[in-house]
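Chemist: Sequence below, structure please.
(2 chains)
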Number of protein chains: 2
Amino acid sequence: MYALYYWPTIQGRGEFVRLALEEAAAPYRDVARESGRGAGVPALLHFLQGRAVERPPFAPPFLVAGRLIVGQTANILQFLGPRHALAPHSASGRLWTHELQLTIADLVAEVHDTHHPVAVSLYYQEQKKEARRKAADFLKNRVTKYLGYFEKILSNVRGHHYVLGAKLTYADLSLFQIVAGLSYAFPNTMARASRRFRRLFALHARIQERPRIAAYLASARRIAFNEDGIFRHYPELEGPLRIK
Amino acid sequence: MYALYYWPTIQGRGEFVRLALEEAAAPYRDVARESGRGAGVPALLHFLQGRAVERPPFAPPFLVAGRLIVGQTANILQFLGPRHALAPHSASGRLWTHELQLTIADLVAEVHDTHHPVAVSLYYQEQKKEARRKAADFLKNRVTKYLGYFEKILSNVRGHHYVLGAKLTYADLSLFQIVAGLSYAFPNTMARASRRFRRLFALHARIQERPRIAAYLASARRIAFNEDGIFRHYPELEGPLRIK
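Modeler: Coordinates of the predicted model:
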C-alpha cells in the first residue's frame, strides 16, 4: 500500500503520480484528501517540516512506500515505473523514459509560470500584467516547441502506439495529462494544435480510453481542473481566437 | 570517451555535468567548444534538430556515450553517478541523490527566471521591470527556502562531510556550483547567507579544495561566470545591501 501526499484540492503535479498508480491498479492512499488522525494536510506538512524525517522532501508530491519516502514527481515515476511495468526493462530505455519525463516537468513549470511569472506567494491578480506577457510568449513560442518535440518522438516510433514504442510507459500517461491540461487552460490554441500534432492527440485519446484510466477519470478520485491548479483557464491569457 | 554537448560560452546547466566529469577524471570532449568538422555549435545543433537521431534531446546539455545519447542535466548525472562512484550503491540512496538533484534543478530554473521572467527569447533589457519584481521575490522568499532546505539535510547527516553522509556524490558537486553561482549573482545576499547556512558554505569550500576540482577551476576549461549564463550579476536586481 502506497501513501501519496499531495495538496488535496488540485490535480497539480500529484496528478502525474495518480495516473501511474491508477493505471497500475496499485493500492494507494491519497493521504491529504482523507480526514482524521494522521491524515489531511497536517499529515503532509508533518513530512515537509521534516522533524523526525532524515530525508524530508522539499515539496509535494511525495510517495511513502514502506520505510522509503520518494519526492520529486519525475523521481516518483521513475521509482514506480519498473515496479508496475510502466517503464522499459533496459537501462537505456529507462533513461530515455526519464529524460522525456523531465522535459514534461520543464513544460509543466512553464505552464505554471504563465499565471505566476513573478511569485508563487502572490495571487494571480497581483501579477496579471506580467502573466499576460508571459502567457503570450508561451503560446507563441514555447508550447509549439514542446508539443512539436513530442510529436516528433511519436513519429520516430512510427507504427507503434506509445512514446517508447510498443509498450505503454509512465511518460505516455504524463503526455495524456499535458494534452488534457493544456486543452483546459488554452482551448483555442489546443484546438488548432490538434490538427498539427495528430499523433500526440491520438495518444491522448488512446490513454483516455484505457479501462482503468477511463474508470479513474469518471470517479470522484479525479479532481476537476480548477483555477488553483497548474492548468488554469483564464481566457484573458489566451486572448481572442486567432485564425491561423 | 564521453562527448558532452553544451553551449560553448557559458557554464549554464552544462557545468553540473562538467563538474562530475572532472571529479571523476573521466575522459570527455566538450564538443561545442572545439572547432573543426563534427565539432562546434553546428555539431550540437545537428543532434537537436534530430535528423537521423531516433531519440533527440530537447535541449543541451546532453552526453553521448557510445551509442547512447542522454539528455536532461539530472538524468545525465544519474547516468554518470554509478559509473564513477559519484552515487550510492543502494537503490534508495540513488533515488534520494536524484531527488536532491531535481530540487537543485528547480532552484536553477528559478535563478534563471530572476533575469528572464517573461521569455527566454527576449533580452534581459526587454524584461527588466518584470525581472526586478521576480528577483525581489526570489531573494526575499525563495533562496532562503532552498538554502535552508539543503542546510537542514546537511545537519541531518551530522558528523559527515557530504549531503548523503560519508561519501561524495554528484549532488555535492552541484551544491558547490549553486553556492558559487549564487555568490557571483547575489554577493550581498550570499554574504549574509554564509553566516546562516554554515554547513552548506563549508561543503562549498570542501569541494573547491578537492584536487581535481581545484585543478579544473584553475584551468581554461572552467568558463568564467558571465552575463549570458544562468547566474548573472546585475546589481540592480539585488538592490542595495540591507543589513538584517
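
Chemist: When you work out contacts or count neighbours from here on, use the C-alpha atoms and nothing else.
Modeler: Fine.

Chemist: now A:N226: how far from chain B?
Modeler: Applying Cα to the nearest Cα, to the nearest Å, the value for A:N226 to chain B is 24 Å.

Chemist: Was I right to think that residue contacts A:R232?
Modeler: Yes: contact criterion Cα atoms under 8 Å: A:N226 and A:R232 qualify, at 6.1 Å.

Chemist: For those two, indicate the residue with more neighbours.
Modeler: A:R232 (20 against 16; other Cα atoms under 10 Å in any protein chain shown).

Chemist: Doesn't that one lie inside a strand?
Modeler: No: A:R232: not assigned to a strand; according to DSSP: H, G, I helix; E, B strand; the rest coil it is coil.

Chemist: need the residues of chain A near chain B, please.
Modeler: Counting by Cα under 8 Å from any Cα of the partner chain, the residues of chain A close to chain B are A:54-56, A:58, A:68, A:70-72, A:75, A:79, A:92, A:95-96, A:98-99, A:102-103, A:117-119, A:130, A:133-134, A:137-138, A:149, A:153, A:156.

Chemist: hmm, which of these are the buried ones?
Modeler: Buried residues within those, counting neighbours by 16 or more other Cα atoms under 10 Å in any protein chain shown: A:55-56, A:58, A:70-72, A:75, A:79, A:95-96, A:98-99, A:102-103, A:117-119, A:130, A:133-134, A:137-138, A:149, A:153, A:156.

Chemist: Compute the inter-axis angle for the lengthiest helix in chain A and helix B:91-115.
Modeler: Taking DSSP state H as the criterion, chain A has its longest helix at helix A:91-115. Following axes from the mean of the first three to the mean of the last three Cα atoms, to 10 degrees, one obtains 40 degrees for the angle between helix A:91-115 and helix B:91-115.

Chemist: What is the very next helix or strand once past helix A:91-115 packed up against?
Modeler: Once the chain leaves helix A:91-115, the next helix or strand it forms, by DSSP states H and E, is helix A:128-137. The contact analysis (3 or more Cα pairs under 8 Å, 6 or more residues apart in numbering or on different chains; DSSP states H and E) places helix A:128-137 against helix A:91-115, helix A:235-238.

Chemist: Pull up the distance across stretch A:217-232, start to finish.
Modeler: 18 Å (Cα to Cα, to the nearest Å).

Chemist: Show me what the mean pLDDT comes to for that stretch.
Modeler: Per-residue pLDDT over stretch A:217-232 has a mean of 98.

Chemist: And that stretch, how far out from the chain middle?
Modeler: 11 Å (Cα atoms, centre = their mean, to the nearest Å).

Chemist: List the buried residues in the helix or strand of chain A with the lowest mean pLDDT.
Modeler: The least trusted helix or strand in chain A, going by mean pLDDT, DSSP states H and E, turns out to be helix A:40-49, with a mean of 92. Going by neighbour count (16+ other Cα under 10 Å), the buried part of helix A:40-49 is A:40-41, A:43-44, A:47-48.

Chemist: Can you name the residues that contact the residue lying closest to A:K128 once chain neighbours are set aside?
Modeler: The spatial neighbour of A:K128 that comes closest, neighbours along the chain excluded (Cα to Cα, 6 or more residues apart in numbering or on different chains), is A:H115 at 7.3 Å. Counting by Cα atoms under 8 Å, 6 or more residues apart in numbering or on different chains, A:H115 touches A:124, A:127-128, A:131, A:134-135, A:232.

Chemist: And A:H115, how far from B:Y123?
Modeler: A:H115 is 21 Å from B:Y123, by Cα to Cα.

Chemist: helix, strand or coil for the closest residue to A:A166 other than its chain neighbours?
Modeler: With sequence-adjacent residues excluded and distances taken as Cα to Cα, 6+ apart, A:A166 is closest to A:H160, at 5.1 Å. A:H160 carries the three-state label coil when classified by three-state DSSP.

Chemist: just to revisit the earlier point, relative to chain B, which of the buried residues of helix A:40-49 is nearest.
Modeler: Nearest to chain B among the buried residues of helix A:40-49: A:L48, at 10.0 Å, using Cα to the nearest Cα.

Chemist: So that closest one versus A:Y6, what's the distance?
Modeler: When A:L48 is compared with A:Y6 (using Cα to Cα), they lie 11 Å apart.

Chemist: Quick check on A:Y123: phi, psi?
Modeler: phi -70, psi 160 (degrees, to the nearest 10).

Chemist: Show me the contact partners of stretch A:45-62.
Modeler: Residues contacting stretch A:45-62 (Cα under 8 Å, 6+ apart): A:4-7, A:13-14, A:44, A:69-73, A:76, B:96, B:103, B:149, B:153, B:156.

Chemist: Give the helix, strand or coil label for A:P56.
Modeler: Secondary structure assignment for A:P56 (three-state DSSP): coil.

Chemist: Quick check: pLDDT value at it.
Modeler: The per-residue pLDDT of A:P56 was computed as 95.

Chemist: For B:S155, see how far away it is.
Modeler: Using Cα to Cα, which is the criterion applied here, A:P56 is 12 Å from B:S155.

Chemist: again, but for A:Y170
Modeler: Distance, A:Y170 to B:S155, by Cα to Cα: 35 Å.

Chemist: out of those two, which sits in the more crowded spot?
Modeler: Shown here are A:Y170 and B:S155; by other Cα under 10 Å, A:Y170 has more neighbours (32 against 17).

Chemist: Low-confidence ranges, chain A, go.
Modeler: A:240-244 (pLDDT under 70).

Chemist: Which residue of it lies farthest from its centroid?
Modeler: Here chain A reaches farthest from its C-alpha mean at A:A52, the gap being 29.6 Å by Cα atoms, centre = their mean.

Chemist: So that one, which state does it fall into?
Modeler: A:A52 - assigned by three-state DSSP - is coil.

Chemist: Which residue is the nearest non-sequential neighbour of A:L68?
Modeler: Per Cα to Cα, 6+ apart, closest to A:L68 is B:S92, 7.3 Å.

Chemist: brain fart, A:H89
Modeler: A:P82 is the one closest to A:H89 (Cα to Cα, 6+ apart), at 7.4 Å.

Chemist: give the contact list for the closest residue to A:E238 other than its chain neighbours.
Modeler: Nearest non-adjacent residue to A:E238, counting by Cα to Cα, 6+ apart: A:F186, 6.1 Å away. With contact taken as Cα under 8 Å, 6+ apart, A:F186 is in contact with A:233, A:235, A:238.
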